[in-house]
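Colleague: Fold the following, please.
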Amino acid sequence: MPDTNLAQDIKVMMEEIKGQFEAKTEDGQVIKLLDVFKLVPALQEKYASVEKRLEEAEKQLKSRPFVSGLPGLELEKGKFSLCRALNCIRQNKDLDKWTDAPHEADVFRMMRAMSSGDDSTGGYLVPPQAMPEFIEMYRAEAVCVKMGARVLSGLKGAPVTFVKQTGGATAYWVGEGKAPTDSDLAIGLTKMTPKKLMGLTYINNELIRRANPDAEQLVRQDLALCLGLAVDLAVLRGSGSENQPLGIANTPGINTVTLGTGSGAVPDFVHPWPDMRYELGVDNALRGKLGYVFHMAIHNALMKLRNPYYSGDPGGEYPILPLTDAQLQSILGYPFAETSQLPVNLAAGGSNNCTEIYFGNWLEVLIGEWMGFEIMGSNVAGTAFATDQTWVRIITEVDSVLRHPESMCLCNTARTAAS
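Modeller: Numbers count the residues shown, from 1 in each chain. I've put the predicted structure just below:
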């Protein structure tokens, strides 16, 4: 006869074991440990997959490009914020207290650690790799760059020398077994040396404090415009002295065209455009990225041109109205750009309302860049304190040179008005 007590004990033991392999959640759902065990292989496989992805991510992180010479500075567009940096600079904070701009503080620490000698200007050097989009923005504001001038960035040392050909080889017709006459290839050197370019502007503190993408864009645009206009002025009209680059207008050997007789003349749809083109043509320089650069007063004067009905007629009809940019480019035959950096009060004979027109191959214009941008801000300089503004100073090193003078033509007797 079976022992009922033993059977009962076994039943109780099985219930206890079953209870250890099962659990109830707060909502009454029963979770069986055996089912959990069945999931272990899948969990192991998933864990291995996650671990593999983490290893791949770590390899990618280690292989990410860093700024040359700047260990730890990642090439991340948009990460460096001028607004955050200026907000700390204007408060005269130590870099260790830049809690709102830790990345910007790291960049400045690296640059100071790499700098040789003392920082006499007290500025904060931003490498170009930290703000590539700002570099592009400032170059876009420079008309000369827009027309095709080549920018050489990251230059080291001074002077930087470029070889140029100043004389060509000569071709000969020769008879059978005859040797041609030797012709030497004349070689010259073009040099560029870094020249300090300083821009000064003021920015409302509301923009700096916000430090959002829209405010950042406005601040960068303001500084980019400041530098772009300065580069235009230097490339076109730099004196070559007093720490200025030598501009096209002052480069010896460029082609020139004169309008009028002594006192200049207002350009029309015929003069001086073909003459300037001709000057380059006779020098075998009518190639490359050709185009005109002039003050917007020239465009304005062309829009006011009329065809007189008779000799001496002060009126007449507008030949083209309105004169669009596309129509003007079609008339001139080449692209053009306008800049306010050219003077409109040049003297020619008895007139003092002349300006300049440039035509040439803009690929022959070289613009060198040696450093990034050194920024400094003050909320007490000038009227900054009273108007809740920050005066911002930005410094860089730039030079420009025209490789072959014969590739450019200048007309500096273009009057902006008849009287």
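
Colleague: Number of residues surrounding residue 173?
Modeller: As a burial measure, residue 173 scores 6 neighbours (other C-beta atoms under 10 Å). (C-beta placed from N, C-alpha, C; glycine too.)

Colleague: Begin at 825 from now on, thanks
Modeller: Let's use 825 as the start, then, which means that last one is residue 997.

Colleague: who are the neighbours in contact with it?
Modeller: By C-beta atoms under 8 Å, 6 or more residues apart in numbering, the contact set of residue 997 is empty.

Colleague: Could you grab the helix/strand/coil label for it?
Modeller: coil (DSSP: H, G, I helix; E, B strand; the rest coil).

Colleague: And it, how close does it get to residue 971?
Modeller: As judged by C-beta to C-beta, to the nearest Å, residue 997 and residue 971 stand 40 Å apart.

Colleague: do residue 1093 as well
Modeller: In terms of C-beta to C-beta, residue 1093 sits 21 Å off from residue 971.

Colleague: can you list the weak-confidence ranges in the stretch 1075-1224 of the chain?
Modeller: Counting by pLDDT under 70, the ranges of the stretch 1075-1224 of the chain that qualify are 1137-1139, 1142-1145.

Colleague: Let's see that with 90 instead.
Modeller: 1084-1087, 1093-1094, 1127-1149, 1173-1175, 1194-1220 (pLDDT under 90).

Colleague: Start from the N-terminal end of it and give the helices.
Modeller: Shown for the stretch 1075-1224 of the chain, the helices assigned by DSSP state H, counting those that start in this stretch span residues 1097-1106, 1120-1127, 1149-1156, 1208-1211.

Colleague: Okay, angle between the second one and helix 1149-1156 too, please.
Modeller: Angle, helix 1120-1127 to helix 1149-1156, by axes from the mean of the first three to the mean of the last three C-alpha atoms, to 10 degrees: 80 degrees.

Colleague: same for helix 1120-1127, what does it pack against?
Modeller: If contacts are counted by 3 or more C-beta pairs under 8 Å, 6 or more residues apart in numbering; DSSP states H and E, helix 1120-1127 sits against strand 1160-1162, strand 1175-1185.

Colleague: which residues are in contact with the shortest one?
Modeller: Looking back up the chat, that one is strand 1160-1162. 967, 970-971, 1115-1120, 1122-1123, 1152-1153.

Colleague: Can you add neighbour count and distance to residue 1089 and give those residues back as JSON lines?
Modeller: Supplementary listing: the contacts of strand 1160-1162 in JSON lines, determined by neighbours: other C-beta atoms under 10 Å; distance: C-beta to C-beta, whole Å:
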{"residue": "967", "neighbour count": "26", "distance to residue 1089": "24"}
{"residue": "970", "neighbour count": "18", "distance to residue 1089": "28"}
{"residue": "971", "neighbour count": "24", "distance to residue 1089": "25"}
{"residue": "1115", "neighbour count": "21", "distance to residue 1089": "22"}
{"residue": "1116", "neighbour count": "24", "distance to residue 1089": "17"}
{"residue": "1117", "neighbour count": "26", "distance to residue 1089": "19"}
{"residue": "1118", "neighbour count": "23", "distance to residue 1089": "14"}
{"residue": "1119", "neighbour count": "20", "distance to residue 1089": "16"}
{"residue": "1120", "neighbour count": "15", "distance to residue 1089": "19"}
{"residue": "1122", "neighbour count": "25", "distance to residue 1089": "12"}
{"residue": "1123", "neighbour count": "15", "distance to residue 1089": "16"}
{"residue": "1152", "neighbour count": "17", "distance to residue 1089": "18"}
{"residue": "1153", "neighbour count": "14", "distance to residue 1089": "22"}
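
Colleague: from those residues, which is closest to residue 1169?
Modeller: The nearest member of these to residue 1169, counting by C-beta to C-beta, is residue 1119 at 10.7 Å.

Colleague: Do I have it right that that closest one meets residue 1168?
Modeller: Yes - if you go by C-beta atoms under 8 Å, residue 1119 and residue 1168 touch, sitting 5.8 Å apart.

Colleague: what are the pairing partners of the longest strand seen in the chain, and which direction each?
Modeller: The strand spanning the most residues in the chain, taking DSSP state E as the definition, is strand 1213-1226. Sheet pairing of strand 1213-1226 (DSSP bridges) gives strand 1019-1028 (antiparallel), strand 1189-1193 (antiparallel), strand 1197-1202 (antiparallel).

Colleague: Pull the distance from the shortest one to the chain's centre.
Modeller: Averaging C-alpha coordinates over strand 1189-1193 and over its chain gives two centres that are 13 Å apart (C-alpha atoms, centre = their mean, to the nearest Å).

Colleague: cool, stretch 973-990 as well?
Modeller: Counting by C-alpha atoms, centre = their mean, stretch 973-990 comes out at 18 Å from the chain centroid.

Colleague: ok but residue 969 is inside a helix, no?
Modeller: Yes - assessed by three-state DSSP, residue 969 belongs to a helix.

Colleague: For it, give me its contacts.
Modeller: So residue 969 contacts 963, 975, 1055, 1191 (C-beta under 8 Å, 6+ apart).

Colleague: hmm, which two among these are most spread apart?
Modeller: Maximum distance among the contacts of residue 969 (C-beta to C-beta): 9.5 Å, for 975 and 1055.

Colleague: Need the overlap of contacts for these two.
Modeller: 969, 1191.

Colleague: So those two - more neighbours on which side?
Modeller: residue 1055 (28 against 17).

Colleague: Can you name the residues that contact the residue lying closest to that one once chain neighbours are set aside?
Modeller: Ranked by C-beta to C-beta, 6 or more residues apart in numbering and with sequence neighbours excluded, the top spatial neighbour of residue 1055 is residue 966, at 4.5 Å. Taking C-beta under 8 Å, 6+ apart as the criterion, residue 966 is in contact with 973, 1051, 1052, 1053, 1055, 1056, 1059, 1191.

Colleague: distance of residue 1187 from residue 1153?
Modeller: Distance, residue 1187 to residue 1153, using C-beta to C-beta: 19 Å.

Colleague: just residue 904 next, same as before
Modeller: Distance, residue 904 to residue 1153, by C-beta to C-beta: 38 Å.

Colleague: rewinding a little: neighbour-wise, which one of the contacts of residue 966 leads?
Modeller: residue 1059 (31 neighbours).

Colleague: That residue reaches residue 1189, doesn't it?
Modeller: Yes - using C-beta under 8 Å, residue 1059 is in contact with residue 1189, at 6.2 Å.

Colleague: circling back: so what does the residue nearest to residue 1055 have for phi and psi?
Modeller: Per-residue torsions, residue 966: phi -90, psi 110 (degrees, to the nearest 10).
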